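Engineer: Sharing a model that was predicted from the sequence below.
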Amino acid sequence: MIKIKFSYSYFEDLGESVRLVWRNTLYADFEKKLLARVIKKKYRVKPEITAQDGYLLINVDNPDVEKFITFFIQNNLGEFLRNRYTRRKVIYIHEGMSVPLLGYNAFGLIDRGTNLIQVRGSSGCNLSCVFCSVDEGPYSRTRKLDYVVDIDYLMKWFDEVARFKGKGLEAHLDGQGEPLLYPFIVELVQALKEHPNVDVVSMQSNGMLLNDKLIEELAEAGLDRVNLSVHSLDPEKAKMLMGMKDYDLNHVLEMAEALVNAGIDVLLAPVIIFGVNDNEAEAFIEFARRIGAGKRWPALGFQNYMPYKFGRNPAIAKLVPFKRFYEWLRELEKKTGMKPLVLRPEHFGMHKRKFIPLAFKTGEIVKAEIVLPGRIEGEMLGVARNRLIEIINTNAKVGDKVKVKIVRTRHGIYVATPV
Ligand SMILES: C[S@@+](CC[C@H](N)C(=O)[O-])C[C@H]1O[C@@H](n2cnc3c(N)ncnc32)[C@H](O)[C@@H]1O
Ligand code: SF4
């Protein structure tokens, strides 16, 4: 009998197939028939395949089978890889693919002309907030696939960006999705924190996937702050806003306190939808005070709900102009004595820094090679001048070389249309 287990992984028996669960966030299903067929073809034996106690079990005596099937699974992982929370296909981006990590907003790095660099290791979310700006989560209607970037490759690009941007950086883990779904999140926090140009490592998270052990690991790795997205202190309203019946508000609130106790600062970041949760503002402030949030940075970062073209824009959401929103925050500051609620970049030690020079001008026509499918219908990702370009309204295929017109370059995110 051969027993196989990979590090950070376990196998589950699903009857017709075996599932390899990798780092709790990714999985790949292999049909037992397929594995048996490839073994039979090479070794002329008909094995029985099961999974038990996390191991893959194959009832053959030949020890060569172990090496062979290990190689087969590792080699074919890319084809079968899926996100455990969204169930979407995952494209694993690594150095061998020559995919630049600047230019696109679903993965890689974003420089918005300050000392803060956004770091996006993966897409995909465990929740489906009714107002989500990027229509994320298991109930997304627009997002078709997810990406995961290999950690060494991500750090290689980060290093280049950091060298250009200089010292005193904040590396902020956020994304079109939930950063805690990144399979190497602890290692990533540690690698960023150890970078000589990084002072602060922070993360934007919904907090659901935190637990005491993970918090301890993140604190040890050097995570400085979590901007925690909590949108109601009423369990039922929170379930409705997070779009998930099993959203556990109490767990998230407990984790908020655990973060503070572990020395990771917390900034509570509720999205305010007037008429829905604006009446909870004082309760959020009280909660933030009670747990000791805001030790080095502000304790609260109320966000004004905004509709987005490819987001979920619920009918309940009433729009409030920013002028009115800031007035509301100032009134709250006066009433509660909690300051600052009107946040400015200085509160986060943020200042302007020179931009990584843009690779394209708006209106420019360039020849791009299509390297990956995009996340939404009609979108593909192209490469030119060592930058990614999101090409919209296209039916090009991977490998095609196409002429495109750059229609957007803001903050080094490039969008183009075919010409
Ligand atoms: C897209 S999420 C990604 C990070 C993580 N999943 C989270 O929710 O914290 C980034 C932030 O944007 C906020 N957000 C999402 N949709 C929004 C909207 N329509 N208007 C304003 N803020 C929004 C979220 O609450 C979160 O604080
Ligand atoms: S707002 Fe954040 S937590 Fe909510 S669905 Fe979007 S990405 Fe997920």
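Structural biologist: Sure, I can see it. Ligands and ions are numbered 1, 2, ... in the order given.

Engineer: residues touching the residue in the stretch 201-350 of the chain that ligand 1 sits nearest to, list them.
Structural biologist: Closest residue of the stretch 201-350 of the chain to ligand 1, Cβ to the nearest ligand atom: residue 229 (3.4 Å). Using the backbone N, CA and C atoms, a C-beta is placed for each residue, glycine as well. Neighbouring residues of residue 229 by Cβ atoms under 8 Å, 6 or more residues apart in numbering: 129, 204, 205, 206, 207, 269, 270, 271.

Engineer: now with 10 Å?
Structural biologist: 127, 129, 178, 204-208, 241-242, 252, 268-271, 301, 303 (Cβ atoms under 10 Å, 6 or more residues apart in numbering).

Engineer: contacts with ligand 2 among those residues, please.
Structural biologist: Contacts with ligand 2 within these, as defined by Cβ under 6 Å from any ligand atom: 127, 129, 178, 206.

Engineer: Can you report how many residues neighbour the residue nearest to the third one when sequence neighbours are not counted?
Structural biologist: With sequence-adjacent residues excluded and distances taken as Cβ to Cβ, 6 or more residues apart in numbering, residue 178 is closest to residue 125, at 4.3 Å. Using other Cβ atoms under 10 Å, residue 125 has 30 neighbouring residues.

Engineer: ok, of the contacts of residue 229, which come out buried?
Structural biologist: Listed as buried from the contacts of residue 229 are 127, 129, 178, 204-208, 241-242, 252, 268-271, 301; burial here means 16 or more other Cβ atoms under 10 Å.

Engineer: For ligand 2, give me its nearest residue in the stretch 201-350 of the chain.
Structural biologist: Closest point on the stretch 201-350 of the chain to ligand 2, by Cβ to the nearest ligand atom, is residue 206, at 3.8 Å.

Engineer: is it true that that residue touches residue 230?
Structural biologist: Yes: the pair residue 206 and residue 230 qualifies as a contact (Cβ atoms under 10 Å) at a distance of 8.1 Å.

Engineer: before we move on, back to that, now intersect the buried ones among the contacts of residue 229 with the strands, please.
Structural biologist: Among the buried ones among the contacts of residue 229, the members falling in strands (DSSP state E) are 204, 205, 268, 271.

Engineer: In the beta-sheet assignment, what are the partners of the third one?
Structural biologist: Beta bridges link residue 268 to residue 228, residue 300, judged by DSSP bridges.

Engineer: Give me the mean pLDDT for stretch 334-347.
Structural biologist: Mean pLDDT, computed over stretch 334-347, is 97.

Engineer: no, scratch that, I was asking about stretch 77-85
Structural biologist: Mean predicted confidence for stretch 77-85 is 96.

Engineer: Please enumerate the helices of the protein.
Structural biologist: Shown for the chain, the helices assigned by DSSP state H span residues 32-43, 64-80, 151-165, 185-194, 212-221, 235-242, 249-261, 281-291, 322-336.

Engineer: any idea which of the ones you listed is most buried?
Structural biologist: Mean neighbours per residue, mean count of other Cβ atoms under 10 Å, is largest over these for helix 185-194, with a mean of 20.

Engineer: returning to that earlier point: which pair of the ones in strands among the buried ones among the contacts of residue 229 spans the longest distance?
Structural biologist: Every pair in these was compared (Cβ to Cβ); the two farthest apart turn out to be 205 and 271, at 13.9 Å.
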